[in-house]
Each structure stands twice: as structure tokens, then as C-alpha cells.
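In: Kindly return the folded structure for what I paste below:
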Amino acid sequence: MNRKKWYEKLGVLLLGLLIALTDMTSSGYGAKKQLTAVYLKQCDSEYQVRFVCSGTVRIGSIWVTNPYRLIIYIRDAVLAIQQKEFYPEEGPIRRLRIGMLTEDPPIVRAVLRFDQPEKYLVENEGNVVVAKIACEKGKTSTRSEKGKMVWDSTGRISLDYRKVELADVLRLLSRQNNVNIVAGPDVKDTVTVSLRNVTLKEALDNILLASGYDYVVDGNVIMVKPLEKEIPGATQTKVYHLKYIDATNLLHVIRDVISDKALVKVFQADFYSRGDEGGKVQPRGGEQQDLRRSSTLIVTDNAENIQRIDQLVQQLDVPVPQIMIESKLVELAPIDQDRLGIDWDKTINATLLFEDILPSGAKKMYSILNTDLKGRGQWRFGHLTADEFSAALEFLRQNTDSKLISNPRILGMDNQPCQISVGTTFPVPQINRGLAGQGDIVTFQYKDVNIQLNVTPHVVEGKKIIMHVNPVIEEVTGEVVVDINRAPITSKRTVSTVVTVKDGETIVIGGMIKEKKVTVVNKVWLLGDIPLLGMLFRHREVEKKQTDLIIFITPHILTE
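Out: The predicted structure follows:
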């Protein structure tokens, strides 16, 4: 038996060599042709394999047993198809392999494998080589009687089936295209298909859509399902164009909703504040933030999680309130150095209160304007209605030596910090001593001395505003002189508190008292101006003068 098999292999080899030698010694064999397509077709009493070439070719064939194979040699041809191995679902052929036997001279070898001996005929029909295998009636599968499938040199396919099971068509597409296709028990319809020169995607789109099915690609697996049925775990992609909320902030929220396999991408605009040109977007918990706003979020996840994200977006992507913050910085110099103001209980029915925090933690309230200046200098807070605020300003104008330092306004977003700063920049000289007799080099650094107000408003129900207020008061208290260079001495006071006011009410911050020394010169007219002798007619007196800085903050909620 082994010897017989060895003889068969030797015969196949000798036949191939004989064909090659014939071509090499022949002076007139044709130019190279291309094998461009392979057709497998079931006819009435025979099964055909058709090899389409770009021109007329010469052929040879041999039948081999153990296993049963028909070997076809196509001379003067080279391969121009991508699919070189086939496993037909119909007919007597179990497997078809195509390859190059030799490159020079060009010979294509096709090996058809069978389960049993078959009668065959290989012949030329113009530029088509046809292998015909006889089939007895009744022994051919129903599928083989109803259609064909074709692969050409472009990787496209053609289908021609009548009344076949959809599952069988999918199984054939899976094997011939080397892809994984999974169909559930619901996929059981009968289809009739006639497609020419289409891709696998085009074939699936048309076949499944016409039959009421859909498919989802998950990695390297194609899952087929009815149109109205969701595949558990199947992913979909949705783009959210956000109107109000920042996409980066929303990302932190949906992290608890999305699955581990979800993909989320945030698109950000390149706008940011000039004061932070080197700023980078920081992850959650980072300290550095810039003004770049991201308004587009792309999420790929399963349908259930996408639905949850839809609900979150509807709840969170709502208009953000804007707050107009108006502040007045008023410096008071009282007419009466002992008391500032009058008792409001005797003028109008208003309650203007300041608050002190005692060491024990208890709170002590003071009338805002009936406050003894001596022995104080602590921060005081209170709030006024609109009428009380107007009355307070009028009182200060009439009864004190008041000066409006600044009246800034700023428009801010809900829960976003706002900053108002009013002050002066002082040059501070820096002396670099010269070397080897060179003169000193004087440069300047600049120091800001500001009254700074940091406010973070947050709108709550009932048109109330919770405000985090942080005033920082910095002022010049003196100067230091080195040689002829002067530098300011500054002091700083700061406090932080949280208050709740209604829309339009005013927060009052007072108690920022400072003392200045004022030199007053009294002299006799004309005589006091005489050099040296005028000292007898002049009197110089240094007086201490106290001033109080009061800050009024009025928030207004803006509506669209």
C-alpha cells in the first residue's frame, strides 16, 4: 500500500516536471496570462469549477488516490486572486487549493480533494478552464442545487441562492472570508440572494436588512440579531454636544456609570486666559485650572449605560446662573473721633449689625454705625436690605468725611470664583554694587499693595445666594530708607467667611480701622513764612487720625 502511494506521488512529480520541461523547450508558448476568478457551480448532472483567465492557456490534469484528488495544471498563467483555499458547502468537493507550481515557466496548480472517486473532465472553453465532476441525481445536497459563490481578484464576492436558510448563508460567508459570525436561535429565516461583485460588508448589510436582521461588530466577531432585539454587551457610540456644563466636569460624573470597556473622549477648545498662558488641563484634584472649555463628549458603551448617561446629561446640562457682583469701598473719617455715626434705632427702623467671634466661639452682634472706634479694629460683618443700604450711604455722606475709593462691578458664573482688586504698584529699588571702581547699578522690582476682594457665589433655592467672601486688605504703614533709596513697609489683613443673602441684599464688611499721623502747622500770616525768625510765629502739631474702610457687596442674580 505504501509502495502504491509512493508511485502515485512520483507520477504527479514527473507529470509536473514534464509539463515544465515542455514549456521550457517550446519556442512558441504564449505570454503570461492571469487567473482572475474562480467559480463553483452546480449544474443538472455535474458540478463545475471554472477558472477564468485573461487569455487562452494550456492545461493538464491527473487523478490521485489516497486521498482522492484531482490535480489541474494551468500553464502560461499566474495567480491574480487573493483567496487561494476554499471549502465549498455544496457538491462533492471537500477542499480546493490553488498555488503556483513554478514561476518560470509560469504554471498554476489547482488541487481538488474528494471523499470518494469521481468521474471528471477538464477542458478549455476559450479563456476559461472548466473542471466537470459527474454527480448522480439525488446525492447532491439541496444547497448545492440552489446557488453559487464566487471570489475574484479584488476580494469581492458574488452570491446566487434561491430559498436557502439564512444560517447556511452566514456559515458559508464565515468560512470563505475567514471571519467569525455568530447567529442566535432567532436567526432562522429562508432567503433568496443574488449579488454581484460586492464586499462582505455590503453583502451582510443587504442580506440582513432585507430579512429584518442587523449585526454588530465586536472585535473580530460579527453578531447577528433581529432588528428589534438588543445584543447584551453590544456597544454603541453617542456624541453629546453640551450647551452649559463642561465636558471635563461631566466626565468625572459618568465614571461611576460607564463600564470598564467604555471609551470616552473629550474635545476641548483652545481658548484660555492670558494670565495663565502656560496652563495645562489638570486631572481631577489638581490645583491648576485654566479657562479652556470643552463642550463635546463622545461615549462608546453598551446601550443600557448610554441611556443612563442620557438621563444624567438632561439633569446636569442646564443653564448656569450668572451673578452680577457690585461692590463699594468707602473710607470713613469720623467727625467725632470718639464715635462713628448715630444710633439707628432713633432714625429709621433698620437693623445694621456687625458680628464678632469671641474666644469661646460665641457670636456678639454690634450696630453697624453706632460703634465705638476706640479699642476696636476687628472685622465685622452684616447684611442690609436695599432700603437700608441706600439709607446707610446717605447717612455716611451727610455725617462723615467719607470717600468712595472704588465702585467695581464683576459678572461671574455660579460657583466660580470672582476677584476684585484695587491698589497701587510701588517701585522697590534693588542696588547691585559695582566692581573695580564701577558705579552701582540700580534696578527696580514692583510690589503691588492692593485691597483685594475674592468672592465665590452660589445660587440656591428661593433666590438666595451663598457667598464665600475673602477680603484681603494690604496698605503701606511706613517706609525704610537705605542711603537715598526708599522702600515701603506694608501690612496685610485678611479674613474668610461664608454668608447667605437674598438676591439684591447687601453684605457689609467693616472694622478695618487704621490710624494715620497727620502733621498740622499753625502760623501767623506772613510772619510765619520768614526764614529762621518765622519759627517764633509757627506751631507744629502731630495729630493721630483714624479712618475706617467699609466694604459693601451686593449680588444680583441675572435671568435669561
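In: and the residue most central in space within the chain, what helix or strand is that in?
Out: Centroid-nearest residue in the chain, with CA atoms, centre = their mean: Val266, separated by 0.6 Å. Under the criterion of DSSP states H and E, Val266 resides in strand 263-268.
In: and whichever helix or strand comes after that strand with strand 263-268, angle?
Out: Next helix or strand after strand 263-268 toward the C-terminus (DSSP H and E): strand 294-302. Counting by axes from the mean of the first three to the mean of the last three CA atoms, to 10 degrees, strand 294-302 lies at 170 degrees to strand 263-268.
In: Neighbours of the nearest residue to Gly60 once chain neighbours are set aside, how many?
Out: Sequence neighbours aside, Tyr73 is the residue nearest to Gly60 in space, at 4.2 Å (criterion: CB to CB, 6 or more residues apart in numbering). C-betas here are computed from N, CA, C, even on glycine. Using other CB atoms under 10 Å, Tyr73 is surrounded by 24 other residues.
In: For the remainder of this discussion, apply numbering that starts at 46.
Out: All set: I'll call the first residue 46, so the last point we hit is now Tyr118.
In: what's the distance between Tyr118 and Val83?
Out: 16 Å (CB to CB, to the nearest Å).
In: that older thread, correct me, but the residue nearest to the centre of the chain touches Thr341?
Out: Yes. Taking contacts as CB atoms under 8 Å, Val311 lies within contact range of Thr341: 7.3 Å.
In: any residues in contact with both of these two?
Out: Overlap of the contact sets of Val311 and Thr341 (by CB atoms under 8 Å, 6 or more residues apart in numbering) consists of Ala292.
In: can you give me the offset of stretch 349-366 from its chain's centre?
Out: 16 Å (CA atoms, centre = their mean, to the nearest Å).
In: what mean pLDDT does that stretch have?
Out: What stretch 349-366 shows for mean pLDDT is 88.
In: Looks to me like Gln352 is in a helix.
Out: Yes. Using DSSP: H, G, I helix; E, B strand; the rest coil, the assignment for Gln352 is a helix.
In: Provide the count of other residues in contact range of it.
Out: For Gln352, using other CB under 10 Å, the count is 11.
In: The residue nearest to Gly105 touches Pro150, doesn't it?
Out: No. The pair Tyr118 / Pro150 is not scored as a contact, 11.0 Å apart, by CB under 8 Å.
In: Which strand or helix spans Val544?
Out: Residue-wise, Val544 maps onto strand 542-547 under DSSP H and E.
In: meant to ask about Pro516
Out: Pro516 belongs to strand 509-527, assigned by DSSP H and E.
In: Would you mind listing where the stretch 246-395 of the chain has pLDDT under the threshold?
Out: Residues of the stretch 246-395 of the chain meeting the criterion pLDDT under 70: 264, 273-279, 313-339, 379-395.
In: Go again with 50.
Out: The stretch 246-395 of the chain contains residues with pLDDT under 50 at 316-336, 382-395.
In: For the closest residue in space to Lys233 that isn't next to it in sequence, give me its contacts.
Out: Nearest residue to Lys233 in three dimensions, chain neighbours excluded: Ala212, at 6.6 Å (CB to CB, 6+ apart). Ala212 makes contact with Ala228, Val232, Lys233, according to CB under 8 Å, 6+ apart.
In: does the last one really touch Leu215, like I thought?
Out: No. Checked against CB under 8 Å, the pair Lys233 and Leu215 is beyond contact range at 11.2 Å.
In: Settle it for me: which of these two has more neighbours?
Out: Leu215 (21 against 10).
In: Next one: that one relative to Tyr132, how far apart?
Out: Leu215 sits 15 Å away from Tyr132, going by CB to CB.
In: Just give the nearest non-adjacent residue to Val266, would you?
Out: Asn225 (4.6 Å).
In: Is Pro230 in a helix, a strand, or coil?
Out: Classification of Pro230 by three-state DSSP places it in coil.
In: contacting residues for it?
Out: Contacts of Pro230 (CB under 8 Å, 6+ apart): none.
In: Give me the phi and psi for it.
Out: As for Pro230, its main-chain torsions (degrees, to the nearest 10) stand at phi -70, psi -20.
In: how much space between it and Ala212?
Out: 10 Å.
In: before we move on, back to that, next one: the residue nearest to Lys233 from Ser90, what distance?
Out: 28 Å.
In: cool, Leu480 as well?
Out: From Leu480 to Ser90 the distance is 113 Å (CB to CB).
In: Over to Val109?
Out: The gap separating Val109 from Ser90 is 24 Å, by CB to CB.
In: Specify which residue of those two has the higher count of neighbours.
Out: Val109 (16 against 11).
In: surely Ile518 meets Ile558?
Out: No. Applying CB under 8 Å, one finds Ile518 not in contact with Ile558, separated by 10.8 Å.
In: I'd like to know which helix or strand in the chain has the lowest mean pLDDT.
Out: Sorted by mean pLDDT, DSSP states H and E, the helices and strands of the chain end with strand 416-417, the least confident at a mean of 40.
In: related to what we said a few turns ago, so in that sheet, which strands flank the strand holding Val544, and in what orientation?
Out: Using DSSP bridges, the strands paired with strand 542-547 in its sheet are strand 509-527 (antiparallel).
In: what pLDDT, on average, does the partner strand get?
Out: 84.
In: So what's the gap between it and the chain middle?
Out: Centroid separation for strand 509-527 versus its chain: 40 Å, with CA atoms, centre = their mean.
In: before we move on, what about stretch 489-505?
Out: 33 Å.
In: For that stretch, buried residues please.
Out: Residues of stretch 489-505 classed as buried by neighbour count (16 or more other CB atoms under 10 Å): Asn495, Ile496, Gln497, Leu498, Asn499, Val500, Thr501, Pro502, His503, Val504.
In: now swap in stretch 258-267 and tell me
Out: So for stretch 258-267, counting by 16+ other CB under 10 Å, buried means Tyr258, Asp259, Tyr260, Val261, Ile267.
In: beta partners of Ala378?
Out: Asp446.
In: should've said Pro600
Out: Ile370.
In: okay, now it: neighbour count?
Out: Neighbour count of Pro600, defined by other CB under 10 Å: 23.
In: pretty sure it contacts Ser372?
Out: No. Using CB under 8 Å, Pro600 makes no contact with Ser372, being 9.7 Å away.
In: Can you name the next helix or strand after the helix or strand that Gly144 is a member of?
Out: Following DSSP H and E, one finds Gly144 within strand 138-147. Remark: after strand 138-147, the chain's next helix or strand is strand 152-159, criterion DSSP H and E.
In: mind listing what that following strand pairs with, with the direction of each?
Out: strand 113-120 (antiparallel), strand 138-147 (antiparallel).
In: Any chance of a markdown table for these, columns mean pLDDT?
Out: Compiled in a markdown table, these are given as follows (pLDDT from 0 to 100):
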| stretch | mean pLDDT |
| --- | --- |
| strand 113-120 | 91 |
| strand 138-147 | 88 |
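In: possible to save those as JSON lines with distance to Glu247?
Out: Shown next, in JSON lines, are these (distance: least, CB to CB, whole Å):
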{"stretch": "strand 113-120", "distance to Glu247": "30"}
{"stretch": "strand 138-147", "distance to Glu247": "24"}
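In: Can you say which of those is packed in most?
Out: strand 113-120 (a mean of 21; mean count of other CB atoms under 10 Å).
In: Run through who's touching that one.
Out: Contacts for strand 113-120 (CB under 8 Å, 6+ apart): 57, 60-61, 64, 68, 74, 80, 96, 98, 102-109, 146, 150-163, 165, 167, 174, 176, 178.
In: Can you flag the buried ones in these?
Out: 57, 61, 64, 68, 74, 80, 96, 98, 102-107, 109, 146, 150-159, 163, 165, 167, 174, 176, 178.
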